[in-house]
Structures are given as structure tokens and as C-alpha cells.
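K.L.:
Show me how the following folds:
(2 chains)
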Amino acid sequence: MITAINPESIKTSSPRMSTSSTSGDFSVAMGALAPTAGEMSTVGMSQNGAVVSQAAMTGLSGAGSVASAPYYGYSASTVGISSPTFGADYATPAVGGPAPGASGAASPTAANGSPFQNPSQDFMEKDYLLKQMNDSAMNMLLLQARVQDDNRRYTLMSSIVQARHTTIREMIQHIGRI
Amino acid sequence: MIPIDRQDLVILMEGGYIYLGMGRLKEAREVFEGVAVMAPRNEIPWVAMGTVHFAQMRYDQAVRSYRQAIRLKPESPFARAYLGEALFFKGREGEAVRELEKAVTLDPSGTAGEFARSLLDAIKKGFEPPAKIRHH
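P.N.:
Just a heads-up that it's a prediction; the model follows:
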């Protein structure tokens, strides 16, 4: 038996993950992407899995040396007092428009209780669903591109910080040499 | 002047950097200042003090420390490389590139040259320090 899908219920109840970060720093972006345990549990992941996922993503931000703190976007003076906040606006790009007929009027239901009164409305609703799916896919692609860009930036920064650390070690050994 | 064994200076400097890694910046600076007194003709403690200021995003003070190191030893690739780094984070890219190129010239195959090269490479690829901390 085929059950009709009410797009209005999907729109309001599906879990949404909006990411936000004030910095282009990869580690900050990863922290912003890290799902909360609550969000993951709504899509069926266990609490332990959600906590591990979040820790894995946010842990990237704390791995840098204090000496190289400015590369990660914060002052060493704040280490141990407050960690960088994964703040506000790394918003996923807005792709897609309002649902057809979403002007506030309630969808009329048929006498037998199904959400669709006639085939043309059924078609419109399905078309809307397909459009939503395409928009979600496009959002994911754009987000993926942004994450890859941040990954490249993070790799670049990591090589600099690594060279910096090696230089410090050699410099210490140079002290006192003629 | 009390003669200090070079190895003792190395241990003191390593202790200072351990303090820096722990985030105990005041202690780190004190250690480096002490080493600067014990080895007044050595530029390394001044470079180390500069890195402490850099970690706190005090780029003006970092630049001053690095310039003091350069006054003690103009051909120090470490001082030039870190000076270039601090100038870059201050937003003075032109001067930063010049100092980094000098560091590469002074130490083409060593770690200071490698660090300067990696930063130059990043700058050419458009790397910018996080905007909110660029000018200090």
C-alpha cells in the first residue's frame, strides 16, 4: 500500500544542521560542522557515536601549539581561559525557494483524510519534494567545496607551523655557538 | 660576568619553551629575559622573547624584540624569519616578504630558511592571517 507523503510535515520535522563560524579557519569550521549529540540522536546515531563525532571534529581546533596561536585565530593569553568559540555565520548557502503554495494557506484535505485533494496538487507537491532534494544536494556540494577550501588552508597552515616548530628547536641548540 | 655552560643555556631555553607551550607566558618571558642577561651578546633569547609576544598577538613588541636580536647579530636567519612573520601578521606584507627573503638567503638549506620559504610560499598562494587579529 502506497502511503502519501505530506511535504509540510517533512519540512517542519526533518533535522536541520546549520553550521556557523566567524572564521575561515578550518578547525573552526570543523567545529561548527560538528553535530550536537541531540541532532545526531534524532537521525538514529547513538549518543556515544555522536559524542565521538563531535569530539573528533572540535578536537582539531585545540591541537595547535600555544606558540603558534595566532595562526589559529586566537591569542595565547586566552588559552585555558576560553577556547575559540564556534560562533555565528558560516551559514549554508541558501539554495531553493519557498514551497509552491506556501503562502500560508493550509492544504485542503480530501474527505477521506489524505492530504491531496486532486492529482495536480499531488504533482505539485512531488515536484516540490524533488526540488527540495536537488536544493539539499546543491547545498551539500557547496558546503563540501567550502570544507575542501578550508582543508587546503589548514594544510598550508600546518606546514608553516611545523616548520616554525622545527626552527625553534634548532634555534635553541644554536644558543652559545660561535 | 659569570661564565655559563652552553648546555645550561640550552636547558634554560628549553624550559622557557616548555613554559610557552603550557601557556605560562609570564614564566617563559622571565626565563628568556634571564638567559638574555646571562648571554648578552647572543640574539637567541631576544628571538625567543619575540615569540612570546607573537603568541599573545603583541606584534609591535615582537617586532621590537626581533629588531634587537638583529642589532646583536644582523646575519641571524632566525631573527629575520620571525621578524618577517611578525610583520606579515601586522599587515606589512612588503617588509615581511623582504625579511623572509633575507632569511632564505642567509640559511638556504637550514630550518630557518625552510620556515621562511614555507611562509613565503603561503603568502604567494594568498594566505592571510585571520582578519580579526591582523593589526595589533
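
K.L.:
Which elements pack onto the helix ranked longest in chain A?
P.N.:
Using DSSP state H, we find that the single longest helix of chain A is helix A:119-174. Under the contact definition 3 or more Cβ pairs under 8 Å, 6 or more residues apart in numbering or on different chains; DSSP states H and E, helix A:119-174 sits against helix A:7-13, helix A:26-33, helix B:6-22, helix B:44-55, helix B:77-90, helix B:111-124. Any C-beta I mention is one placed from the backbone N, CA and C, and that applies to glycine too.

K.L.:
Pick out the shakiest of these, pLDDT-wise.
P.N.:
If you rank the helices and strands packed on helix A:119-174 by mean pLDDT, helix A:26-33 sits at the bottom with a mean of 48.

K.L.:
ok, now how distant is B:H53 from chain A?
P.N.:
As for B:H53, its distance to chain A is 10 Å (criterion: Cβ to the nearest Cβ, to the nearest Å).

K.L.:
need the contact list for that residue.
P.N.:
B:H53 is in contact with B:59, B:61-62, B:65, counting by Cβ atoms under 8 Å, 6 or more residues apart in numbering or on different chains.

K.L.:
and what of B:Y59?
P.N.:
Applying Cβ under 8 Å, 6+ apart, we find B:Y59 in contact with B:53, B:86-87, B:89-90, B:136.

K.L.:
now A:A163
P.N.:
B:111, B:114-115, B:118-119.

K.L.:
Could you identify the most distant pair in those residues?
P.N.:
Farthest-apart pair in those is B:T111 and B:L119; separation 12.6 Å (Cβ to Cβ).

K.L.:
one step back: taking helix B:44-55 as reference, get the angle to the longest helix of chain A.
P.N.:
Angle of helix A:119-174 versus helix B:44-55, following axes from the mean of the first three to the mean of the last three Cα atoms, to 10 degrees, is 160 degrees.

K.L.:
any idea of the mean pLDDT in helix A:119-174?
P.N.:
Mean predicted lDDT for helix A:119-174 stands at 91.

K.L.:
hmm, back to that, of the contacts of A:A163 - the most surrounded one?
P.N.:
B:F115 (31 neighbours; other Cβ atoms under 10 Å in any protein chain shown).

K.L.:
ok now do it, which residues does it touch?
P.N.:
Applying Cβ under 8 Å, 6+ apart, the residues near B:F115 are A:160, A:163-164, A:166-167, B:81, B:103.

K.L.:
Buried among those? Make that a ChimeraX selection.
P.N.:
Burial among those is assessed by 16 or more other Cβ atoms under 10 Å in any protein chain shown; the matching ChimeraX selection reads:
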select /A:160,163,164,167 /B:81,103
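
K.L.:
Any chance of a markdown table for the contacts of B:F115, columns distance to B:G94?
P.N.:
Shown next, in a markdown table, are the contacts of B:F115 (distance: Cβ to Cβ, whole Å):
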| residue | distance to B:G94 |
| --- | --- |
| A:I160 | 19 |
| A:A163 | 22 |
| A:R164 | 21 |
| A:T166 | 27 |
| A:T167 | 23 |
| B:A81 | 16 |
| B:A103 | 15 |
